[in-house]
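Visitor: Just a sequence and a predicted model for now, questions to come.
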Amino acid sequence: MQRDSKPHKLIVFAVIHQIGSQFDRTCLLVNCGSDRTLWRYGKLYSAAFDRRTESCRCCFPNHQIYFFEKVFHFINKMAKVPHVKLSNGKEMPLIGLGTWKSKPGQVLEAVKVAIDIGYRHVDCALAYQNETEVGRAIKAKIDDKTIKREDIFVTSKLWNTFHRREKVLECCQKSLKDLGLDYLDLYLIHWPIAYKEGDELFPKNEKGEMLTENIDFKETWKGMEEVYEKGLVKSIGLSNFNSEQINTILSISKVKPVALQVECHPYLNQNKLIEFCKKHDIAVTAYSPLGSPDRPWVKPDEPSVMADPRIKQLAEKYSKSPAQILLRFNVQRNVIVIPKSVTEERIRNNFEIFDFELTPEEMDQISNFQEKYRYCHLNWLKNDPNFPFNIEF
Ligand SMILES: NC(=O)c1ccc[n+]([C@@H]2O[C@H](COP(=O)([O-])OP(=O)(O)OC[C@H]3O[C@@H](n4cnc5c(N)ncnc54)[C@H](OP(=O)(O)O)[C@@H]3O)[C@@H](O)[C@H]2O)c1
């Protein structure tokens, strides 16, 4: 009985064979404080310890519980996803799960699986029309104690029909309600272009052309600062803004944008925009990092960055997939990636990018690909005065 109520002092060593996210190869050496030392080697995920491993032979059951709690705590600390420090001191994980085009029926499972694998960052937006399911998945993982709210970084975005200063709060509150959260970690202006305000997320005229409005995005930024000041969002930033538009925001902001989300992959390396952001202490997130093969407007003759022979060659060299090479390229230069997938094997594959390194020459080679291609071009808005892709960067 004495041993039951006073657990052994546990000394737990975790040897991560492959640095980073390969937690399923984690080897644990457990010394239970008695004269017996146990080795446990099993499937360990950041928070999902496989409880089927052999039971501790020298402890009573409550010691085992204590033991598992210690191990969870320890592994969770060890297993932290690499992150970028934002200019306001907050930490943003270098990889997150994208959710655009993820159907409500699939995204619930995708987010749950991702969290089990170790993702601690989800990229959402009101316009994706699936935030309710994403929120249910996050709640399920909080309820089953895999994560706490503060362990996961949730981004959402202000949609184009809410650009009027007074409408920003409404849009933010809708995302919060749908996600079932009381704060967002990051809130972005989705696009610098305003659409006609109203119930339609994609308002069009009878010819099928998008209806836009002339709202100054400086006004929108003021609304963003207000939701920040109310404590509804921990950080604010921009998406799809070019360097001139970012400069405009910087010139009027009380609260600086800490992050910019833009399309980024070897066919659109964004080298100049990244350099510009670095100077202003703005973290960059790469969207469509795999070339967005499921984008709704895809045409069969468009180039595929995932199928590029040089990327495939590197994949062979490192025994990795082309997707992993594309993601590694960005994270290795401190650019956050948010690949979207609803397929468990790919969600896992995309996460396993912290156990190898491209050489400086390979990074240079990829950075200097001559192909230039923008998958999310939004060409149908190119006559709008705020269209962001009419200048070099
Ligand atoms: N701010 C913005 O304006 C903006 C614009 C675009 C995207 N985004 C964000 O960025 C995220 C990612 O971009 P994206 O969705 O355009 O495209 P992406 O992540 O480049 O590509 C997603 C596509 O790649 C497939 N895929 C994923 N992993 C793969 C792998 N390992 N091997 C082969 N195929 C793989 C997915 O298929 P399955 O799902 O079928 O597995 C899906 O068809 C979005 O989901 C969204 O969160 C933001």
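Guide: Looks like it came in fine.

Visitor: the helices in the stretch 101-250 of the chain, which residues?
Guide: Counting by DSSP state H, counting those that start in this stretch, one finds helices in the stretch 101-250 of the chain at the ranges 104-117, 131-143, 165-179, 217-229, 243-252.

Visitor: Select, out of those helices, the one closest to the ligand.
Guide: helix 104-117 (7.7 Å; CB to the nearest ligand atom). C-beta: built from backbone N, CA, C; applies to glycine.

Visitor: Output the closest one in PDB, but only the C-alpha positions, please.
Guide: What follows is the C-alpha trace of helix 104-117 in PDB, where atoms were taken according to Å, rounded to 0.1, in the frame of the first residue of the first chain:
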ATOM      1  CA  PRO A 104     -17.500  19.600 -44.500                       C
ATOM      2  CA  GLY A 105     -17.900  15.800 -44.500                       C
ATOM      3  CA  GLN A 106     -14.100  15.300 -44.700                       C
ATOM      4  CA  VAL A 107     -12.500  18.100 -42.800                       C
ATOM      5  CA  LEU A 108     -13.700  17.000 -39.400                       C
ATOM      6  CA  GLU A 109     -11.700  13.700 -39.700                       C
ATOM      7  CA  ALA A 110      -8.800  15.500 -41.400                       C
ATOM      8  CA  VAL A 111      -8.300  18.000 -38.600                       C
ATOM      9  CA  LYS A 112      -8.600  15.300 -35.900                       C
ATOM     10  CA  VAL A 113      -6.100  13.100 -37.600                       C
ATOM     11  CA  ALA A 114      -3.800  16.000 -38.100                       C
ATOM     12  CA  ILE A 115      -3.900  16.900 -34.400                       C
ATOM     13  CA  ASP A 116      -3.200  13.200 -33.500                       C
ATOM     14  CA  ILE A 117      -0.200  13.300 -35.800                       C
END
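
Visitor: Which positions in that helix come out as buried?
Guide: Q106, V107, L108, A110, V111, K112, V113, A114, I115, D116, I117 (16 or more other CB atoms under 10 Å).

Visitor: Kindly report the same for stretch 81-98.
Guide: 81-84, 86, 90, 92-98.

Visitor: go on, stretch 372-384?
Guide: Judged by neighbour count (16+ other CB under 10 Å), stretch 372-384 contains these buried residues: Y373, Y375, L378, L381, D384.

Visitor: Stretch 170-188 too?
Guide: The neighbour-count criterion (16+ other CB under 10 Å) identifies 171-172, 175-176, 178-179, 181, 183-188 as the buried residues of stretch 170-188.

Visitor: what mean pLDDT would you report for it?
Guide: Across stretch 170-188, pLDDT averages out at 98.

Visitor: The ligand contacts on the stretch 101-250 of the chain?
Guide: Applying CB under 6 Å from any ligand atom, one finds that the stretch 101-250 of the chain approaches the ligand through K101, D123, H190, S239, N240.

Visitor: Let's see if you can find the most crowded of these.
Guide: Top of those by neighbour number is D123, holding 27 neighbours under the definition other CB atoms under 10 Å.
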